[in-house]
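Visitor: Got a predicted structure here, sequence first:
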Amino acid sequence: MITSHQNQLLKEIRKLNTGKRDGGRFVAEGEDLIAEAEAAGWKPIHLLRAEQEVSQDALDKVSSLGSGSRVLGVYEEKFAEPVGPLCVALWGVKDPGNVGTVIRSALAFGASSVALGPDTADPFSPKAVRASMGAIFRVPVSKVSNVSELPGKKIALIAAEGERLSGPVVEDTSIVVGPERFGIPRSTLADCDAVAHIPIQSESLNAAVAASVALYELTNRLQTA
């Protein structure tokens, strides 16, 4: 059983948990996340359980949760191609919590994939993995550099612009969502096929909330059309 804080594996895990990821590996912590990974068929490279493979004290020292974590797994990241019929693409969304929340919503509402455009947060960072609540193991996630790589019709979601977002979806569609403060770059908008908005009483929505509402609107209509 590992007890030393200077153990090489624990040093590597500590590095992953501080956002200095390299080699395509990431960490998931907690019994629920580990169970989701197992159910989705992801095999850990390393699995450390408190008082089995590692002492609780040593595990606490490398945990991103501070203390109290009973299990931790190290996994290889996986990226896929963006696919339809419904893809949600995040463009410049830098908060990893928002990225993880969108992945969670994609699973909840039955979206086919999540695509990450330039300047978007790492979906395998500790904060994003936690926010996804295990959806990171079930939803295909891709990296793209241009909206032309997205499947089907590309619809940019912009507050108070374009037509009201509505269904039913009759073809492959990608919803492009930018950060709340700056929105989608105009150069990217020019490559989209259409612009749509969600009717609201305020000026804008948080990116994760906007994406979640859009996914509900389109998948709900898909299911009832």
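Guide: Thanks, I have it.

Visitor: Kindly report the domain assignment for this structure.
Guide: 8-76, 86-224 (automatic domain parsing).

Visitor: If we go by neighbour counts, what in the lengthiest helix in the chain is buried?
Guide: Longest helix of the chain, by residue count under DSSP state H: helix 207-224. Across helix 207-224, burial judged by 16 or more other Cβ atoms under 10 Å covers 207-215, 217-219, 222. Bear in mind the C-beta positions are built from the backbone N, C-alpha and C, glycine included.

Visitor: Just the CA coordinates for it, please, in PDB.
Guide: Only the C-alpha atoms of helix 207-224 are listed here, as PDB (Å, rounded to 0.1, in the frame of the first residue of the first chain):
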ATOM      1  CA  ALA A 207     -23.300  29.600 -21.700                       C
ATOM      2  CA  ALA A 208     -24.100  26.300 -20.000                       C
ATOM      3  CA  VAL A 209     -27.700  27.400 -19.200                       C
ATOM      4  CA  ALA A 210     -28.200  28.600 -22.800                       C
ATOM      5  CA  ALA A 211     -26.800  25.300 -24.300                       C
ATOM      6  CA  SER A 212     -29.000  23.300 -21.900                       C
ATOM      7  CA  VAL A 213     -32.100  25.200 -22.800                       C
ATOM      8  CA  ALA A 214     -31.400  24.800 -26.500                       C
ATOM      9  CA  LEU A 215     -30.800  21.100 -26.100                       C
ATOM     10  CA  TYR A 216     -34.000  20.700 -24.300                       C
ATOM     11  CA  GLU A 217     -35.900  22.600 -26.900                       C
ATOM     12  CA  LEU A 218     -34.600  20.700 -29.800                       C
ATOM     13  CA  THR A 219     -34.500  17.200 -28.300                       C
ATOM     14  CA  ASN A 220     -37.900  17.600 -26.800                       C
ATOM     15  CA  ARG A 221     -39.300  18.400 -30.200                       C
ATOM     16  CA  LEU A 222     -37.300  15.600 -31.800                       C
ATOM     17  CA  GLN A 223     -38.900  13.200 -29.400                       C
ATOM     18  CA  THR A 224     -42.500  14.500 -29.800                       C
END
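
Visitor: got the residue ranges for the strands in the chain?
Guide: With DSSP state E, the ranges of strands along the chain come out as 25-29, 46-49, 71-76, 86-90, 113-116, 141-143, 153-157, 163-164, 173-177, 194-197.

Visitor: what packs against the shortest one?
Guide: In other words, strand 163-164. strand 194-197 (3 or more Cβ pairs under 8 Å, 6 or more residues apart in numbering; DSSP states H and E).

Visitor: try 6 Å
Guide: Strand 163-164 is packed against no helix or strand, with contacts defined by 3 or more Cβ pairs under 6 Å, 6 or more residues apart in numbering; DSSP states H and E.

Visitor: How about residues contacting it?
Guide: With Cβ atoms under 6 Å, 6 or more residues apart in numbering as the test, strand 163-164 has contacts from A196, P199.
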